[in-house]
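>>> Quick one: sequence plus predicted model below, questions after.
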Amino acid sequence: GHKWTYTGPDGEEHWHEHYPFCHGTFQSPIDLNSELLRYDPTLVPIEVWNYNLSSYEQLTLGNNGHSVQLSLPRRMHLSGLPHRYSAAQLHLHWGSPTMPAGSEHTVNGKQFTAELHVVHFNSDRYPNVSVAADKSDGLAVLGILIEVGDYNPSFGQFLKYLDGVKYKDQRIQVPAFDIRGLLPARMDEYYRYDGSLTTPPCYPSVLWTVFRNPITISEEQFLALCTSVFSSSQQESAPVPLNGNYRKSQDSEDRIILVSFRE
Ligand SMILES: NS(=O)(=O)c1cc(-c2ccccc2)cc(-c2ccccc2)c1
Ligand SMILES: [Zn+2]
């Protein structure tokens with residue numbers, strides 16, 4: 001597909017020129033604003049299955065020039081959603097050392113330091129994530145807001161390998177670990193709405209679950225994230241740091257955001 005970036009001539013205002021859905025409806029991210037929230041007592045706690053991976057297993061850590069992503073085995077899956085959703089990959093969005101706020105979803109206008117996305121696909125209906133990616137009930141993404149605070153040992157499990165994926169299109173095998181450690185303690189408190197991929201091709205195919213409670217990473221872990229990786233390939237003369245890889249808030253139109261908690 002056509003190249004896209006977060007700034008400049010290929011930035012998000014131009015995505016729709018090659019990716020028409022980016023100009024469409026149900027776009028993500030959105031501001032999770034109290035005025036739009038509706039408590040829904042049918043929203044049950046999210047349950048994760050087979051997230052506790054063995055360190056004997058290896059996962060592929062890659063730099064795709066837009067984010068760092070970790071492949072996940074499809075036996076990892078979610079229950080508590082309308083269908084079974086099996087894991088595909090996780091990746092991050094973050095700010096920069098000078099402008100640390102880099103989450104995609106915001107809460108009453110507050111942007112967090114970073115955001116982790118765990119991408120799953122509807123394995124009841126589709127054979128794999130590629131087939132599911134453009135189907136209206138195809139994907140479910142868990143959004144985990146990240147703020148700077150205590151050191152996060154689970155986050156450290158893959159941050160320590162970032163030097164192996166410094167440049168675009170680099171990938172390495174890393175030991176697996178318990179992915180549950182990247183999620184907040186409370187899985188019963190979350191925002192729920194119908195949205196899209198936050199990157200091109202912006203398919204309106206995502207059932208979003210953004211957890212109410214952020215996780216923390218340390219200042220050092222945040223700096224490692226936003227100084228270790230580049231969106232340019234190793235061959236290019238001028239290395240371009242990979243940071244600020246977040247889409248701005250989209251119009252929530254008249255979408256209701258369901259919440260599993262009473263404020
Ligand atoms: N931010 S996101 O969760 O909506 C998202 C989902 C998927 C995705 C992945 C597999 C199948 C289907 C969708 C890919 C990306 C992505 C991020 C950086 C660069 C390129 C793509 C981002
Ligand atoms: Zn994402």
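Okay, I see it. Ligands and ions are numbered 1, 2, ... in the order given.
>>> so what does the longest helix belonging to the chain touch, helix or strand wise?
Taking residue count as the measure and DSSP state H as the definition, the longest helix of the chain comes out as helix 219-228. If contacts are counted by 3 or more Cβ pairs under 8 Å, 6 or more residues apart in numbering; DSSP states H and E, helix 219-228 sits against strand 85-94, helix 153-159. Heads up, the C-betas are built off the backbone N, CA and C, glycines and all.
>>> Stretch 69-80 near ligand 1 anywhere?
No: against ligand 1, stretch 69-80 shows no contacts by Cβ under 6 Å from any ligand atom, the least distance being 6.7 Å.
>>> Any buried residues in that stretch, and which?
By 16 or more other Cβ atoms under 10 Å, the buried positions in stretch 69-80 come out as 69-72, 76-78, 80.
>>> Reformat the helices and strands packed on helix 219-228 as TSV; add mean neighbour count.
Compiled in TSV, those are given as follows (neighbours: other Cβ atoms under 10 Å):
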stretch	mean neighbour count
strand 85-94	24
helix 153-159	18
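>>> Looking at the ones you listed, spot the one closest to ligand 1.
With Cβ to the nearest ligand atom, the closest approach to ligand 1 among these belongs to strand 85-94: 5.2 Å.
>>> any residues touching the helix or strand that comes right after that closest one, and which ones?
Going down the chain from strand 85-94, the next helix or strand is strand 106-107, by DSSP states H and E. Residues from elsewhere that reach strand 106-107, judged by Cβ atoms under 8 Å, 6 or more residues apart in numbering: 29, 31-32, 112, 145, 249.
>>> which of the residues you listed count as buried?
29, 31-32, 112, 145, 249.
>>> Could you save those residues as TSV and add columns showing distance to ligand 1?
Below are the buried ones among the contacts of strand 106-107 laid out as TSV (distance: Cβ to the nearest ligand atom, whole Å):
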residue	distance to ligand 1
P29	8
D31	16
L32	16
F112	15
L145	14
S249	14
